[in-house]
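**Student:** predicted structure and sequence below. I'll ask about it afterward.
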Amino acid sequence: MPYTHAPQPTVPEPPAGPVDIRLVVTDMDGTLLDDDKRIPEGLWDTLARLRERGVLFSPASGRQYATLAAEFAEVAEGMVFIAENGTYVVRDGRELSSDPLEPGVAAKIVDAVRGLAAGGVDLGAVVCGKRSAYVERADDAFLAEVRRYYVRCELVEDLTAVDDDVIKVALYDFGPVEERTAPALAPFADTHRVVVSGEHWVDVMNRTANKGAALRRLQRELGITSAQTMVFGDYLNDLEMLDAADWSFAMANAHPQVVGRARHLAPSNNDNGVLRTIARVLDL
């Protein structure tokens, strides 16, 4: 979602000396991908050069792990996937960390969604498990939005009866989610994290769950510092992740709060901002 009042960035000039970047982490939608959800030209060459330099590249997204793994299937070996807004982190098929909801929480959120829908709000819930995503709303318009981000998705009769390790519940509102659905979830914010992750999406997770917490755990495990980390983001679910990197970039199209939080600005997602910035800073 573009914000036209954001200052227009220029690709940063390369530093005077070599930059010791060991980890590059990027959000997907609105950041690495353009508005048509396309992989940017030159990504695979950039990933090959980063690998040659010993730099780990990690997608960090609200998308499920199965979706991210499919998108990067040809280059996934050794890559860390920070999926489901940090609630599920996987490398080479092995779980590195997860932050599942307590039993019964997802059912309460689903009941709240049903109440909103009965009151006229056009929305649906996605219960996100480690094995699959689950939905009970079956119309084509809703499923088309869900399948953009959840390639592994099951249609069930009752979302409150899902048998899986549930790591978050995602809600899609066909209207502006910040105006209706997110405020209606305020009661859950007392005990859980309610984060707007897109113009139409809001996620409910544990209070301890976010991309930044997942990134900091990964940094500790790999022995990588914030000064050795480069991060790109555009929306509110990226804020904590930006805090975990000295080289933090908001996209030109980013939400104003993201622009205010990041240390640097990158060109927009439609201008290949992530790859252009990586190439300039790391002199690829």
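**Tutor:** All right, it came through fine.
**Student:** contacts, neighbours, all on C-alpha from now
**Tutor:** Will do.
**Student:** now residue 121, what's its secondary structure?
**Tutor:** Secondary structure state of residue 121, per DSSP: H, G, I helix; E, B strand; the rest coil, is coil.
**Student:** any idea how many residues pack against it?
**Tutor:** 16 (other CA atoms under 10 Å).
**Student:** same question, residue 161
**Tutor:** Under the criterion other CA under 10 Å, the count of neighbours that residue 161 has is 11.
**Student:** same deal with residue 26?
**Tutor:** Residues near residue 26, counting by other CA under 10 Å: 24.
**Student:** and residue 183, by the same measure?
**Tutor:** By other CA under 10 Å, the residues close to residue 183 number 12.
**Student:** that one looks like it's in a helix, true?
**Tutor:** Yes: counting by three-state DSSP, residue 183 is part of a helix.
**Student:** per-residue pLDDT, residue 196?
**Tutor:** Note for residue 196: predicted pLDDT of 87.
**Student:** measure residue 145 to residue 232 for me?
**Tutor:** Residue 145 sits at a distance of 24 Å from residue 232 (criterion: CA to CA, to the nearest Å).
**Student:** and the two? which has more neighbours close in?
**Tutor:** Neighbours were counted for residue 145 and for residue 232 using other CA under 10 Å; residue 232 has more, 29 against 13.
**Student:** list the helices and strands the helix or strand harbouring that one packs on?
**Tutor:** Element membership for residue 232 (DSSP states H and E) is strand 229-233. Counting contacts by 3 or more CA pairs under 8 Å, 6 or more residues apart in numbering; DSSP states H and E, strand 229-233 packs against strand 23-26, helix 239-243, strand 247-251.
**Student:** just the C-alpha atoms of whatever helix or strand comes next after the last one, please, in PDB.
**Tutor:** Next in sequence after strand 247-251, counting helices and strands by DSSP H and E, comes helix 256-261. The C-alpha coordinates for helix 256-261 follow below in PDB (Å, rounded to 0.1, in the frame of the first residue of the first chain):
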ATOM      1  CA  PRO A 256       4.500   6.100   7.900                       C
ATOM      2  CA  GLN A 257       5.300   4.400  11.200                       C
ATOM      3  CA  VAL A 258       7.800   2.100   9.400                       C
ATOM      4  CA  VAL A 259       9.500   5.100   7.700                       C
ATOM      5  CA  GLY A 260       9.800   6.700  11.200                       C
ATOM      6  CA  ARG A 261      11.300   3.600  12.700                       C
END
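**Student:** low-confidence ranges, the chain, go.
**Tutor:** Scanning the chain for pLDDT under 70 picks out 1-17.
**Student:** mind listing the helices for it?
**Tutor:** Taking DSSP state H, the helices of the chain run over residues 43-53, 65-71, 105-118, 140-149, 181-184, 211-222, 239-243, 256-261, 273-282.
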